[in-house]
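In: Please find the sequence and the predicted model below.
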Amino acid sequence: MSSNDGKTRLSRRNLFKAAAAVAAALGVPAPALAHGHKHGSKRKDDDSGDLVLVNGRIHTMDDRNSVVREVRISDGRFADVGRTDSGHGARVIDLHGRTVVPGLIESHTHFVSLANRPGYHVAQWELASTTADVLAALGARRLRGDVPVGAFITAMGAGVPNIWHERRMPTLAELDAAVPDRPVFLYQGGGGPARVNSLGMAFFATVTNPTVTVNADGTIPGGNPNQSNAALYHLRIRQSFADKKRSCIDAQEFSASLGLTTVLDQTLVATALGTLDPTQYDPQPNHGLATLNHYRMYDAWLALHAEGNDVIRLQINFLHNQGYIAALDRPGQPVPDLGAQLPELRERLKNQFQFFGDDMVRTGAIGEWAAPFATPSNPNGYAVWLEAQRLCAKARWRNENSQGGSPTYTDNIEQVVATYEMMHAEMIAAGFPDGIRSLRWGLQHADHATAGQLERLKALNCGVSASGFRWTSAPRADLLPVGPIFPRLVASGIPLGLHQDGVHITAHNPWFALHYATTGRNNILTPTEPEGQQVNPGQQITRQQALHMYTRGAAWYLNREDDLGSIEEGKLADLVVLDKDYFSVSDAEMRKIRPIMTVVDGAIVHDTGVIGGHGHGRR
């Protein structure tokens, strides 16, 4: 894989106008100009003082749901909200009545995978409605002019092809027509299958150890052995560190272009080895897209952060995939030997600080799980899972588990809730009067949690981040809801976020989740249901409630409600200027919302130029 890191960053501004014109002609989203920034300072290429946005409909999401016309940003924080005096030396941008919301917070994602994609990656394929849109996005990426000869244009993950109307991948002939002079590699979900164009076929015909089987139609099968993963391996081992930094910047800029300013990353599902040796987790031919070296996967992001070139905020949870490993049991000890199990979790709790870092990059909690979930029917696995919960409680760490249930089955959610109550009682007995309440444990998904289960979680000061990604599902045969019982979740009063769970099983785009939570519709369009099939009947909430989940509720879930989630004086200056009014446009148009400007830490990190954010005069 060729590296062109420095040249790519320098040429992005020069290529922006041409690329935008090409993208517009093809009917796909254009790449928008973004800038790295020093933390707490202004944009590197802007030496002005305060930033003032005027003449907008600025939904603050404060306790009164105030809507104001003006906001001043100073030193990376909101200085004045709703006042009209711009002051001397401020840089003023007229919003021309545009709708503004706080920066959106993704409370459950595996974004680090997107930040490590090999090749010149086209994350925008998740925004496509049709395969024609996908082909246009691939062609637009080539026409930006920065892909070296022989370098791959790639697109991976994101729940495809189920998020497109045809629910099929582009054909070999279509790929050759869209990108005739660069190899292309498309990879579905987290484990394949994959598809290439003719130049991609030619490349994989040359690789060995292992070889890769490519069918005559350009498809690379998944299955066992997984040839798609073998192909992915060959691209990964050719990535330089500069390639990884470029991929990381591209992923962050894509996130900013969607209005996401903070991500709570749940890392990736590591190979469940008993070793603590990082070299044993390097890429292997059988690793899928959701597997990376979990000791090294943030290296490029941390390097960018050290340079002051990160674009969005990152909070890192620590997913631990060591369940019961028989090889760790010591001779003569009871089985399972709990004192020898969970070595990685034990070392994490001893040597890592939770919620440690700065405003742009910090650690989080234990999650999406401390050990793989297991029920009592699997006694060894269950004992290890239960011990993992106990270790987190004893170490006074925040802890999460992930369970969704179904309309007819909530036993797994009940196991999580009952275990949290058990840990609460044990901690009180151990001398902590608040038990686990101050730790703010969480439940991810919680689709069909009962009212009683939610009430018990609330009594423990736990939060929920709900599934917003069920919109790719078809209706159930019994017509029961396929996704979260949103009105019940809201009515419970429990701290509540909403998430997409990208970037393998579905898209990263938050507007898809917001549309689903407020309509219950999927993306399968039919003559009788031109706006999608109803898959979550009777479970809709208001747009204000859904937005609260992506802002105030998500900020609580990250333990950052004092700094994020609303536009209020003193909070970190993250906001999004929208191309449509989220609160009034049709459901179909709301799903297509795109930011025209995104501000993170007081810096403009995404700007389509619609309102003159760059080069605007001062007053």
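Out: Here it is on my side, so go on.
In: Tell me how many other residues surround the residue lying closest to residue 218 once chain neighbours are set aside.
Out: The shortest distance from residue 218 to any non-neighbouring residue, by C-beta to C-beta, 6 or more residues apart in numbering, is to residue 172 (3.5 Å). Where C-beta positions appear, they are placed from N, C-alpha and C, glycine not excepted. Using other C-beta atoms under 10 Å, residue 172 has 21 neighbouring residues.
In: Next one: the nearest residue to residue 601 once chain neighbours are set aside from residue 574, what distance?
Out: Residue nearest to residue 601 in three dimensions, not counting chain neighbours: residue 76, with 4.6 Å by C-beta to C-beta, 6+ apart. Look at residue 76 and residue 574: by C-beta to C-beta, to the nearest Å, they are 9 Å apart.
In: Need the residues touching each of those two.
Out: Contact criterion C-beta atoms under 8 Å, 6 or more residues apart in numbering; residues shared by residue 76 and residue 574: residue 601.
In: Look up how far residue 570 lies from the residue nearest to residue 601.
Out: Distance of residue 76 to residue 570, given as C-beta to C-beta: 11 Å.
In: quick one, which of those two is more surrounded?
Out: Neighbours per residue (other C-beta under 10 Å) separate residue 76 from residue 570, with residue 76 holding more: 23 against 10.
In: Can you check the pLDDT for that one?
Out: At residue 76, the model reports a pLDDT of 97.
In: same thing with residue 49?
Out: So residue 49 comes in at 82 (pLDDT).
In: Any idea how many residues pack against it?
Out: 15.
In: was I right about it contacting residue 75?
Out: No: under the criterion of C-beta atoms under 8 Å, residue 49 is not in contact with residue 75, lying 9.4 Å apart.
In: how about the helices in the stretch 401-550 of the chain?
Out: Here the stretch 401-550 of the chain has its helices, by DSSP state H, counting those that start in this stretch, at 411-429, 451-459, 486-491, 510-519, 543-550.
In: Could you list the residues in contact with the last one?
Out: What that stands for is helix 543-550. Contacts for helix 543-550 (C-beta under 8 Å, 6+ apart): 59, 61, 65, 101, 104-106, 466, 486, 490, 496-498, 510, 513-514, 517-518, 582-583, 590.
In: cool, the first one as well?
Out: The contact list for helix 411-429, computed with C-beta under 8 Å, 6+ apart, reads 373, 375, 386, 389-390, 392-394, 401, 403-405, 434-437, 441, 443, 446, 448-450, 453, 456-457, 460, 462.
In: Can you turn the buried part of these into a ChimeraX selection?
Out: The ChimeraX selection below is limited to those of the contacts of helix 411-429 classed as buried (16 or more other C-beta atoms under 10 Å):
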select :373,386,389,390,392,393,401,403,404,405,435,436,437,441,443,446,448,449,453,456,457,460,462
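In: pretty sure residue 400 contacts residue 445?
Out: No: under the criterion of C-beta under 8 Å, residue 400 makes no contact with residue 445, lying 10.4 Å away.
In: Nearest residue to the middle of this structure?
Out: residue 109 (3.6 Å; C-alpha atoms, centre = their mean).
In: and it, what does it touch?
Out: Here residue 109 is in contact with 263, 264, 265, 266, 499, 500, 501, 502, 503, 508 (C-beta under 8 Å, 6+ apart).
In: rewinding a little: give me the subset of the contacts of helix 411-429 lying in strands.
Out: The strands, defined by DSSP state E, take in 401, 403, 443 from the contacts of helix 411-429.
In: JSON lines please, covering those residues and showing pLDDT and distance to residue 213.
Out: Shown next, in JSON lines, are the ones in strands among the contacts of helix 411-429 (pLDDT from 0 to 100; distance: C-beta to C-beta, whole Å):
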{"residue": "401", "pLDDT": "98", "distance to residue 213": "39"}
{"residue": "403", "pLDDT": "98", "distance to residue 213": "37"}
{"residue": "443", "pLDDT": "98", "distance to residue 213": "42"}
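In: of those residues, closest to residue 612?
Out: Nearest to residue 612 out of the ones in strands among the contacts of helix 411-429 is residue 443 (C-beta to C-beta; 44.4 Å).
In: Kindly state the pLDDT recorded for the residue nearest to the centre of the chain?
Out: The model reports residue 109 with a pLDDT of 97.
In: can you check the one 10 residues further on too?
Out: pLDDT for residue 119: 98.
In: For it, give me its contacts.
Out: By C-beta under 8 Å, 6+ apart, the contact list for residue 119 reads 1, 151, 152, 153, 154, 185, 235.
In: and what of residue 610?
Out: Counting by C-beta under 8 Å, 6+ apart, residue 610 touches 579, 596, 597.
In: Kindly report the same for residue 123.
Out: 114, 117, 155, 158, 250, 251, 254, 503, 508.
In: so how far is residue 183 from it?
Out: Counting by C-beta to C-beta, the separation of residue 123 from residue 183 is 18 Å.
In: Equivalent analysis for residue 228, please.
Out: Distance from residue 228 to residue 183, by C-beta to C-beta: 15 Å.
In: mind listing the strands for the stretch 101-250 of the chain?
Out: Listed in chain order, the strands of the stretch 101-250 of the chain (DSSP state E, counting those that start in this stretch) span 104-109, 120-121, 153-157, 184-188, 194-196, 219-220.
In: one step back: dump the contacts of residue 109 into a markdown table; add neighbour count as well.
Out: Below are the contacts of residue 109 laid out as a markdown table (neighbours: other C-beta atoms under 10 Å):
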| residue | neighbour count |
| --- | --- |
| 263 | 29 |
| 264 | 28 |
| 265 | 25 |
| 266 | 27 |
| 499 | 26 |
| 500 | 30 |
| 501 | 26 |
| 502 | 29 |
| 503 | 29 |
| 508 | 27 |
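In: can you redo the residues you listed as JSON lines with distance to residue 309 and pLDDT?
Out: Output for the contacts of residue 109, formatted as JSON lines (distance: C-beta to C-beta, whole Å; pLDDT from 0 to 100):
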{"residue": "263", "distance to residue 309": "17", "pLDDT": "98"}
{"residue": "264", "distance to residue 309": "21", "pLDDT": "98"}
{"residue": "265", "distance to residue 309": "18", "pLDDT": "98"}
{"residue": "266", "distance to residue 309": "24", "pLDDT": "95"}
{"residue": "499", "distance to residue 309": "26", "pLDDT": "98"}
{"residue": "500", "distance to residue 309": "25", "pLDDT": "97"}
{"residue": "501", "distance to residue 309": "27", "pLDDT": "97"}
{"residue": "502", "distance to residue 309": "23", "pLDDT": "95"}
{"residue": "503", "distance to residue 309": "21", "pLDDT": "95"}
{"residue": "508", "distance to residue 309": "20", "pLDDT": "97"}
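In: Can you show me the strands along the stretch 251-400 of the chain?
Out: Here the stretch 251-400 of the chain has its strands, by DSSP E, counting those that start in this stretch, at 260-265, 313-318, 361-366, 400-403.
In: in stretch 594-610, what counts as buried?
Out: Neighbour-count burial for stretch 594-610, counted by 16+ other C-beta under 10 Å, picks out 594-609.
In: Likewise for stretch 467-481?
Out: 467, 468, 469, 470, 471, 472, 473, 475, 481.
In: Show the contacting residues for residue 593.
Out: 259, 511, 578, 579, 580, 582, 585.
In: In strands, which of those appear?
Out: Among these, the ones falling in strands (DSSP E) are residue 578.
In: Turn the contacts of residue 593 into JSON lines, including distance to residue 273 and neighbour count.
Out: As requested, these are exported to JSON lines (distance: C-beta to C-beta, whole Å; neighbours: other C-beta atoms under 10 Å):
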{"residue": "259", "distance to residue 273": "38", "neighbour count": "26"}
{"residue": "511", "distance to residue 273": "39", "neighbour count": "23"}
{"residue": "578", "distance to residue 273": "45", "neighbour count": "23"}
{"residue": "579", "distance to residue 273": "47", "neighbour count": "18"}
{"residue": "580", "distance to residue 273": "48", "neighbour count": "17"}
{"residue": "582", "distance to residue 273": "45", "neighbour count": "23"}
{"residue": "585", "distance to residue 273": "50", "neighbour count": "17"}
